[in-house]
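Asker: Okay, structure incoming, though there's no sequence with it:
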Ligand SMILES: NC(=O)C1=CN([C@@H]2O[C@H](COP(=O)(O)OP(=O)(O)OC[C@H]3O[C@@H](n4cnc5c(N)ncnc54)[C@H](OP(=O)(O)O)[C@@H]3O)[C@@H](O)[C@H]2O)C=CC1
Ligand SMILES: O=C(CO)COP(=O)(O)O
């Protein structure tokens with residue numbers, strides 16, 4: 001694949017803004033598309049996203065509300081919440097040139113359809129090349145140019161390499177992969193486990209409990225990944241273990257802080273504090289998919305049951321601790 005000189009980022013939220021900064025620093029010609037008129041105006045005038053206060057947009061980034069303008073780029077990053085990715089991919093379909101890489105940057109699985117992010121792209125924009133970018137990367141860190149490594153996967157190895165090259169700036173190091181399923185599945189699953197880790201923190205269960213939860217959570221991620229075709233090395237990599245360790249260890253993660261608020265006794269309705277916690281949306285669909293293939297995921301199941309209002313936090317903890325003893329695997 002020839003070099004990708006221009007990049008369009010669709011979504012002016014925290015992650016979209018950080019990735020636009022990265023692409024601009026990598027020397028790409030960057031367009032940042034934001035759908036909301038007020039937010040787009042603010043981005044263009046103040047050169048700052050309301051989702052990432054204090055970060056000034058690189059001067060070369062062009063802000064637009066015109067999807068057709070953004071669609072001319074050599075590659076497009078879709079940086080909107082997982083449950084609206086279909087809507088954006090569908091709108092793009094008539095506007096892009098054939099074989100344009102469309103890179104999903106959301107971490108989730110679609111409700112109702114059980115579709116992973118690149119499956120949605122393949123369905124809505126069949127002429128595009130679907131790809132996924134995921135890994136341990138807080139938008140605030142990336143936007144400030146702190147060192148970060150992620151994985152970019154596409155079935156076409158040359159495309160994954162070209163995307164990694166295009167997004168590589170001094171501080172942002174993308175690895176490339178052809179294990180699309182492994183990369184997208186790791187990012188989606190770890191958000192549910194980060195909520196569990198947050199609950200452990202909020203309930204003040206201690207550092208030992210947090211380590212046990214993270215490790216047994218990883219065992220669930222691997223079991224789920226095996227059932228859905230992920231490669232083991234991918235699950236041990238940045239988008240699996242790497243992102244799990246990051247988001248299970250700090251309240252900088254919105255999923256973790258959502259869980260911590262639940263652990264402190266806040267209600268499900270207020271615990272996110274208005275921020276996007278993708279694990280909330282992924283938990284029920286993850287459980288449906290685990291059940292469909294007979295995958296045992298007790299921690300994820302407990303999170304899903306808490307979020308569904310079927311189980312209290314104390315009862316969930318009690319349930320996990322009193323499960324029959326078993327061999328470690
Ligand atoms: N923040 C982070 O550190 C990271 C986030 N991610 C993932 O990136 C994805 C986006 O997260 P993030 O940017 O943080 O979320 P934010 O809440 O910061 O931003 C979401 C963006 O999507 C826009 N949006 C919402 N609905 C639509 C729609 N229907 N059409 C078009 N745009 C829409 C929002 O606009 P508006 O509010 O105006 O509607 C906003 O610009 C998530 O899946 C997340 O898991 C991945 C890695 C790191
Ligand atoms: O995915 C992320 C970092 O890799 C961001 O995590 P949160 O969405 O939990 O903030």
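Answerer: Yes, it's here. Owing to the predicted nature of the structure, the values given are computational and were not obtained by experimental measurement. Ligands and ions are numbered 1, 2, ... in the order given.
Asker: Tell me the residues of the chain that contact ligand 1?
Answerer: Counting by CB under 6 Å from any ligand atom, the chain comes close to ligand 1 at 11-16, 34-36, 39, 51, 79-82, 84, 87-88, 105-108, 137-139, 276, 278. The way it works is simple: take the backbone N, C-alpha and C, and place the C-beta from them, glycine included.
Asker: hmm, 5 Å instead?
Answerer: Within the chain, the positions adjacent to ligand 1 are 11-15, 35-36, 39, 51, 80, 82, 84, 106-107, 138-139, 276, 278 by CB under 5 Å from any ligand atom.
Asker: Narrow these to just the buried residues.
Answerer: For the residues of the chain next to ligand 1, a burial check counting by 16 or more other CB atoms under 10 Å picks out 11-15, 35, 39, 51, 80, 82, 106-107, 138-139, 276, 278.
Asker: biggest separation within the residues you listed, which pair?
Answerer: Spatial extent of these (CB to CB) is set by the pair 35 and 138 at 23.3 Å.
Asker: what about the helix or strand where residue 196 lies, average pLDDT?
Answerer: Here residue 196 is covered by helix 180-202, with elements defined by DSSP states H and E. In this model, helix 180-202 has an average pLDDT of 98.
Asker: swap in stretch 59-77?
Answerer: For stretch 59-77, the per-residue pLDDT averages 97.
Asker: what's in contact with that stretch?
Answerer: 3-10, 12, 16, 19-21, 23-24, 29-35, 37, 40, 43-44, 47, 57, 91-92, 95-96, 100-103, 105, 133, 163, 166 (CB atoms under 8 Å, 6 or more residues apart in numbering).
Asker: From those residues, which land in strands?
Answerer: 6-10, 29-33, 101-103, 133 (DSSP state E).
Asker: Now list the buried members of the residues you listed.
Answerer: The buried subset of these (16+ other CB under 10 Å) comprises 6-10, 29-33, 101-103, 133.
Asker: CSV for those, including pLDDT?
Answerer: Converted to CSV, those look like this (pLDDT from 0 to 100):
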residue, pLDDT
6, 98
7, 98
8, 98
9, 98
10, 98
29, 98
30, 98
31, 98
32, 98
33, 98
101, 98
102, 98
103, 98
133, 98
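Asker: Mind putting those residues into TSV with distance to residue 293?
Answerer: Below are those laid out as TSV (distance: CB to CB, whole Å):
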residue	distance to residue 293
6	41
7	36
8	36
9	34
10	32
29	43
30	40
31	40
32	39
33	37
101	30
102	28
103	27
133	26
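Asker: Can you show me the strands along the chain?
Answerer: Under the criterion DSSP E, the chain contains strands at 6-10, 29-33, 62-64, 75-78, 101-104, 129-134, 148-154, 172-177.
Asker: Dump those strands into JSON lines; add distance to residue 253 as well.
Answerer: As requested, the strands of the chain are exported to JSON lines (distance: least, CB to CB, whole Å):
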{"stretch": "strand 6-10", "distance to residue 253": "22"}
{"stretch": "strand 29-33", "distance to residue 253": "24"}
{"stretch": "strand 62-64", "distance to residue 253": "27"}
{"stretch": "strand 75-78", "distance to residue 253": "21"}
{"stretch": "strand 101-104", "distance to residue 253": "20"}
{"stretch": "strand 129-134", "distance to residue 253": "14"}
{"stretch": "strand 148-154", "distance to residue 253": "14"}
{"stretch": "strand 172-177", "distance to residue 253": "19"}
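Asker: can you name the two of the buried ones among the ones in strands among the contacts of stretch 59-77 that are farthest apart?
Answerer: By the measure CB to CB, 29 and 133 form the most distant pair in these, at 18.5 Å.
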